[in-house]
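S.K.: Generate a structure from the sequence data that follows.
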Amino acid sequence: MGAATTDRRTRWGRVRGTAGMPALAIAIPVGLLLGAAGGAVAAAMIDAPSPMLVGLAVGASMGVPFVALVWALLVDRESLRGVVDRPEESVEGAWYDRAAQGAFSDTILVVGLATAALAVTGLRIDVVVALVGVLLVAMASCGIRYLVARRRG
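M.R.: Next up, the predicted model:
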């Protein structure tokens, strides 16, 4: 990697396909605008004693996540300082791949056993509860497997 490439890398990156526009220059105003729009929708839809206060609270809480989302969609990875050039070849990428593969197997196993138990017992549960359970099993399994792989090295 040459010095010219290294000098162009910044902490917050640049927008893909531009001559060097900072990604935050677009992400901040667009994200805050989306947050404000979400607050306005919440204020219009929620029946509360002070809908304006609800709208401000929702808009303020949605602003930063929307800024982060817009930034993630716009930023060119190669313009970020300290980014691994080929993350799929990193040791962390290998740990994640192994963890995700194992978590998929764990999730299939747990869902199969839970389905069999529900069929035998005749117990009925809400679909949302079942899907939250599947999501929690998958997330916990992947997280634990990643930590174990990282600890083993």
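S.K.: In the lengthiest helix in the chain, which residues are buried?
M.R.: As assigned by DSSP state H, the longest helix anywhere in the chain is helix 91-121. By 16 or more other C-beta atoms under 10 Å, the buried positions in helix 91-121 come out as 95-96, 99, 102-103, 106-107, 110. Where you see a C-beta, it was placed from the backbone N, CA and C, and this is true even at glycine.
S.K.: Give me the helices and strands touching the helix or strand in which residue 62 is found, please.
M.R.: Using DSSP states H and E, residue 62 falls within helix 51-74. Applying 3 or more C-beta pairs under 8 Å, 6 or more residues apart in numbering; DSSP states H and E, one finds that helix 51-74 contacts helix 23-45.
S.K.: could you dump the buried residues of helix 91-121 to TSV with distance to residue 53?
M.R.: Formatted as TSV, the buried residues of helix 91-121 follow (distance: C-beta to C-beta, whole Å):
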residue	distance to residue 53
95	45
96	42
99	43
102	46
103	41
106	44
107	41
110	43
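S.K.: Pull the most distant pair out of these.
M.R.: Greatest spatial distance in the buried residues of helix 91-121: 95 and 110, 21.8 Å, computed using C-beta to C-beta.
S.K.: In this protein, what helix or strand scores lowest on average pLDDT?
M.R.: helix 3-7 (a mean of 47; mean pLDDT, DSSP states H and E).
S.K.: Grab the nearest non-local neighbour of the residue nearest to the spatial centre of the chain.
M.R.: Nearest to the mean C-alpha position of the chain, by C-alpha atoms, centre = their mean, lies residue 69 at 8.6 Å. Spatial nearest neighbour of residue 69, chain neighbours left out: residue 31 (6.9 Å); criterion: C-beta to C-beta, 6 or more residues apart in numbering.
S.K.: need the contact list for that neighbour.
M.R.: 63-71 (C-beta atoms under 8 Å, 6 or more residues apart in numbering).
S.K.: Need the contact partners of the helix holding residue 62.
M.R.: Under C-beta under 8 Å, 6+ apart, the answer for helix 51-74 is 12-13, 15-16, 23-24, 26-28, 30-32, 34-36, 38-40, 42-44, 46, 48.
S.K.: Low-confidence bits of the chain, can you list those?
M.R.: 1-7 (pLDDT under 70).
S.K.: from the contacts of residue 31, which would you call buried?
M.R.: Here, 16+ other C-beta under 10 Å leaves 63, 66-67, 70-71 buried among the contacts of residue 31.
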